[in-house]
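> from the sequence below, what's the structure:
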Amino acid sequence: MHSNIDLQNLLDKSVKDGFDAKLNLTYVHVDADRVHVSLDVDASLHQPAGIVHGGVFASIVESVASAGGAAYLFARSRRAVFVGMSNNTEFLKSVSGGVLEAIGTPLHQGTMTQLWKVEIKQAGTGELVSVGTLRGQNVLTGKGA
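Below is the predicted model:
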C-alpha cells in the first residue's frame, strides 16, 4: 500500500537528485487534483538570446504533471507508475528573469491514462507565459495493480 510518505519521498528524491534539481524546482503543493510549483529564473536557464529556453517550460509541464499523476496513483493505492507519453507545450511570452509559478490540474484521470494541463505564469503579475498538456500512462508494476 502506498502512502503520502511514499509520495513525499519520491518528490524529495526528484528535487534532491533528479532532473528537478537541475531546474531548482520547488514543490509548493501536490495532490491528485492540483500541483503547484515555483522556479527562480536565472541565466543558467537561458538560451543564447537571453530568455528562458523552451525546454525549461516543457520540463516544468512534465514535472508538474508527473507529480500529479503519481499523487493520483498513490491516493488510490495503485501499484503503478505514471510515465509521460506526449508533451505539448506552447510558449506565449518570453521571460528573462523573476519567479515562475506553475499550476497543474487533471483533465482526465483514468485506469490506464491521465491528461494534465499546466499553466506557467510570471509570479507577481500572474501573466500567462506558457501552457502545456501532458498525456501519460499508468504503468502497472506489480500483482494487484
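> return the helix or strand in this protein with minimum mean pLDDT.
When each helix and strand of the chain is scored by mean pLDDT, DSSP states H and E, helix 4-17 comes last, with a mean of 66.
> and the next element down the chain from that helix?
Under the assignment DSSP states H and E, the closest C-terminal helix or strand after helix 4-17 is helix 19-23.
> the first helix or strand past that following helix going along the chain: partners in the sheet, and parallel or antiparallel?
Next helix or strand after helix 19-23 toward the C-terminus (DSSP H and E): strand 25-31. Sheet partners assigned to strand 25-31 using DSSP bridges are listed as strand 34-41 (antiparallel).
> can you list contacts of the strand it pairs with?
With contact meaning C-beta atoms under 8 Å, 6 or more residues apart in numbering, strand 34-41 is reached by 23-30, 52, 56, 60, 63-65, 67-68, 71, 95-105, 118, 123. For the C-beta atoms, the positions are set from N, CA and C on the backbone; glycine is no exception.
> what subset of these is buried?
23, 25, 27, 30, 52, 56, 60, 63-65, 67-68, 71, 95, 100-104, 118 (16 or more other C-beta atoms under 10 Å).
> restricted to strands, list those residues.
Among the buried ones among the contacts of strand 34-41, the members falling in strands (DSSP state E) are 25, 27, 30, 100, 101, 102, 103, 104, 118.
> just flag the most distant two among the residues you listed.
30 and 100 (17.0 Å; C-beta to C-beta).
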